[in-house]
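# Next one to model:
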Amino acid sequence: MMKSLNPSIEALPGNIMADVLSRLPVKTIIHCKCVCKNWRELVSDSYFVNLHISRLPAGVMIHENCHFEVKPGIMKWLEIKGEVDDTRLHHDFVTLFDLSLAPAFQNSNICQMGSVNGLICLWKYASNHDNIYICNPITREYMILPRQQYHTEKSYAAIYYSFGVGLLTKEYNKVMRIFQPSQAQNLEVYTLGTGQWRRVGHVPYLLNESYGPYVNGCAHWIFCGRDSPKELYAFDFDNETFSFFPSPPSEEIIGRQILGVINGCNIRFRIHGLGDEGIWDQKILA
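Numbers count the residues shown, from 1 in each chain. Next up, the predicted model:
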């Protein structure tokens, strides 16, 4: 029997197919899911996801809640190519998906808590409870983490989140949560796939921000003791403990402070004072 001179693309080895498809933009990969079952499984595999992320251009997740014609809970993923000089982004959205928000959440804000391994963590806060969404913008799928009531008539809970993955256990994404139902700040961790939160311990410091930027296996926070200056601490997602992180001189930390990540490897400490603004960068070595 003579072999075909025009073999099917399906005859290519899986690793070569993954290499080829991983070079395509997100919008094209979404269409690839509909080609056949094998392609859908391929683009959903963790190896392909990591390969595609390494070649993926920068992108942002946008939640539009300023137009009455937009249904609440619609998230849009936008790829950014090249430099963006204008604060107004005039680009076509790559994909969108519906979070199917309950009525209690439709008038509250959605905050992004981090992005790791192609997944985005979103926090939707309402009056007496909150929802955490883990979203995959490529497959347009999401999951909602188990939640609990934090507020009662006599108490108030301040809640802080971060999303990350340990350098040793790279396959296991985690969400850390610090909440303060009374005087103690309790620390809990949710590992994707387990279905439940784990109590890790207490945090002996007061947090300055509700979001801890993730870099190189750690979430970073500004803490302030009751009688001590504000300092940076890092939460290690592998051993699930806090440790001191190099901080700006205490005499420079005045006004409002904001942490951020630059180029995926720098922690940026932006200080807003009275009419002045200071920036302090700390490079994190892999």
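
# Tell me how many other residues crowd the residue nearest to V20 when sequence neighbours are not counted.
Closest residue in space to V20, ignoring its immediate chain neighbours: L12 at 7.6 Å, by C-beta to C-beta, 6 or more residues apart in numbering. In short, each C-beta sits where N, CA and C put it, glycine included. The number of residues packed near L12 is 13, by other C-beta atoms under 10 Å.

# Poorly predicted segments of the stretch 51-200 of the chain, please.
Of all residues in the stretch 51-200 of the chain, those with pLDDT under 70 make up the ranges 56-109, 126-129, 148-158, 171-172, 179-184.

# still on that earlier bit, distance check, the residue nearest to V20 against A219.
From L12 over to A219 the distance is 40 Å, taken as C-beta to C-beta, to the nearest Å.

# and if you look at L168?
As it turns out, when the distance is counted by C-beta to C-beta, L168 lies 16 Å from A219.

# next one: I29
Using C-beta to C-beta, which is the criterion applied here, I29 is 29 Å from A219.

# Compare neighbour counts for the two and give me the winner.
Between I29 and A219, A219 has the larger neighbour count (other C-beta under 10 Å), namely 26 against 22.

# Name the helix or strand for I222, please.
In this assignment (DSSP states H and E), I222 forms part of strand 218-224.

# That strand pairs with which strands, and in what direction?
Under the criterion DSSP bridges, strand 218-224 sits next to strand 206-207 (antiparallel), strand 214-215 (antiparallel), strand 230-236 (antiparallel) in its sheet.

# how does this structure divide up, domain by domain?
Following automatic domain parsing, one finds the domains of the chain at 13-56, 62-82+91-147, 149-286.

# Start and end of stretch 144-159, how far apart?
The separation between the terminal residues of stretch 144-159, taken as C-alpha to C-alpha, to the nearest Å, is 17 Å.

# What of stretch 191-211?
As for stretch 191-211, its first-to-last residue distance stands at 18 Å under the measure C-alpha to C-alpha.

# Please point out which parts of stretch 112-127 sit buried.
Within stretch 112-127, the residues that count as buried by 16 or more other C-beta atoms under 10 Å are 112-116, 118-124, 126.

# right, and out of those residues, which lies closest to A234?
Nearest to A234 out of the buried residues of stretch 112-127 is G114 (C-beta to C-beta; 14.2 Å).

# what helix or strand is that closest one on?
Using DSSP H and E, the element containing G114 is strand 110-116.

# about what we covered before: take the buried residues of stretch 112-127 and lay them out in CSV including distance to E188.
Putting those into CSV (distance: C-beta to C-beta, whole Å) gives the following:
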residue, distance to E188
Q112, 20
M113, 14
G114, 16
S115, 21
V116, 18
G118, 24
L119, 19
I120, 20
C121, 15
L122, 18
W123, 14
K124, 18
A126, 19
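
# hmm, which two among those are most spread apart?
By the measure C-beta to C-beta, the buried residues of stretch 112-127 have their two most distant members at G118 and A126, which lie 27.4 Å apart.

# I figured R147 hits N131, correct?
Yes. Applying C-beta atoms under 8 Å, one finds R147 in contact with N131, separated by 6.0 Å.

# And those two? Which one has more around it.
N131 (19 against 12).

# Excluding chain neighbours, what is closest to that one?
In space, and not counting its chain neighbours, N131 is closest to K124: 4.4 Å by C-beta to C-beta, 6+ apart.

# For the one you found, list each beta-bridge partner.
I110, N131.
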